[in-house]
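Enquirer: Show me how the following folds:
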Amino acid sequence: MKKENKIILLGIMVSLITACGSPDSYYEDAIKKEGYIPFSTPLASAGVGTIIQGGPEALRVTTRPERCFPNHMGPNVPTQLRWVTDTNLPSSYESFQLGFGVDLANILAAGNPLVNLNLGYNQAKNVKIEFDGASIEYLDEAALYYYYLSQMGELCREFLKDSPFILQALRIEKMKFSFFNSSGVQISLSPGTIGQIMSIGTGVKWSIEKGQSLSINSPKYIGYQVGFMNDVRPGRIGWYAYKTKNNEFDFQEVKSLVPVNLGSKEQYLK
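Expert: Below is the predicted model of the structure:
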């Protein structure tokens, strides 16, 4: 796959192209069209295996991903529970306007926040964002089946009886920011200027390119699907949700070639 095919440009042309709807709605629509739920709240952990509670508008992390879905069972013994593949967002969402303000702050805060915007900074009026390297993080369900039956502890099994978890996650590998003033002139950047514009999280990899653009080289999770297990088929996923309905996860039953009555999700949540 060519690199240019993986670039997602969330536009923001200084020419201020007029369009209907708010800028963040275009961002969310692009994620939904890929079959994922946009993150609406900040989460310290947002990757595959994160056990969650609450609804899509108020997610709460119960455990970090590696607590119940570890990468290794022991030294040099991988679980192979996760795998990642490249993807693209729809080309129709490659470019749109975004001002320096609340819309941008909300987009950056959702999912796993890598940076926090300083809304008090009054020199920047518009921002151009390039999202490079879209990928999907999957849970390997065959590996999960083996791990659940032979290795997973009783405490994690107990949590999974009545809590959903992130089954797939849509993420961006790199973000690039360019800032413009009210005259449309690009703002020169330095570590001091960056400190005025935003705060960057601990451990986040970043660099300034040619004194003009800020690059964030740590993955950011922007969308997700949730899965739900039950006791009828131990180690297997019974329901999943890739969209919401009435501010709740719209769970769909996983269909099998051999009919299996899983009952209802609600009976396991009681």
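Enquirer: May I have the distance across stretch 58-77, first residue to last?
Expert: 36 Å (Cα to Cα, to the nearest Å).
Enquirer: Other residues contacting that stretch?
Expert: 39-41, 43-45, 47-54, 78-79, 81-82, 139, 144, 147, 151-153, 156, 159-160, 163, 165-166 (Cβ atoms under 8 Å, 6 or more residues apart in numbering). For every residue, glycine as well, the C-beta is placed using N, CA and C.
Enquirer: are any of those buried, and which?
Expert: Among the contacts of stretch 58-77, the ones that count as buried by 16 or more other Cβ atoms under 10 Å are 39-40, 43, 45, 47-52, 79, 81-82, 139, 144, 147, 152, 156, 159-160, 163, 165-166.
Enquirer: remind me, longest strand of the chain?
Expert: For the chain, the strand with the greatest residue count under DSSP state E is strand 165-180.
Enquirer: Now do that one: which elements does it pack against?
Expert: strand 51-53, strand 126-139, strand 213-216, strand 220-229 (3 or more Cβ pairs under 8 Å, 6 or more residues apart in numbering; DSSP states H and E).
Enquirer: Just name the most buried of those strands.
Expert: strand 220-229 (a mean of 24; mean count of other Cβ atoms under 10 Å).
Enquirer: Which pLDDT value goes with residue 221?
Expert: You'll see residue 221 listed with a pLDDT of 94.
Enquirer: which stretches of the stretch 1-150 of the chain form strands?
Expert: Assigned by DSSP state E, counting those that start in this stretch, the stretch 1-150 of the chain shows strands spanning 7-10, 37-38, 51-53, 60-63, 72-74, 77-78, 82-86, 115-117, 126-139.
Enquirer: check which helix or strand covers the residue lying closest to residue 230 once chain neighbours are set aside.
Expert: Spatially, and ignoring its direct neighbours in sequence, residue 230 is nearest to residue 238 (4.5 Å; Cβ to Cβ, 6 or more residues apart in numbering). According to DSSP states H and E, residue 238 maps onto strand 237-241.
Enquirer: Now do that strand, average pLDDT.
Expert: On average, strand 237-241 scores 94.
Enquirer: what's whichever helix or strand comes after that strand in contact with?
Expert: Under the assignment DSSP H and E, the closest C-terminal helix or strand after strand 237-241 is strand 244-245. If you take Cβ under 8 Å, 6+ apart as the criterion, strand 244-245 is touched by 37, 55-56, 250.
Enquirer: Repeat that for stretch 116-123.
Expert: Taking Cβ under 8 Å, 6+ apart as the rule, stretch 116-123 contacts 100-102, 104-105, 108-109, 179, 181, 187, 196-199, 201.
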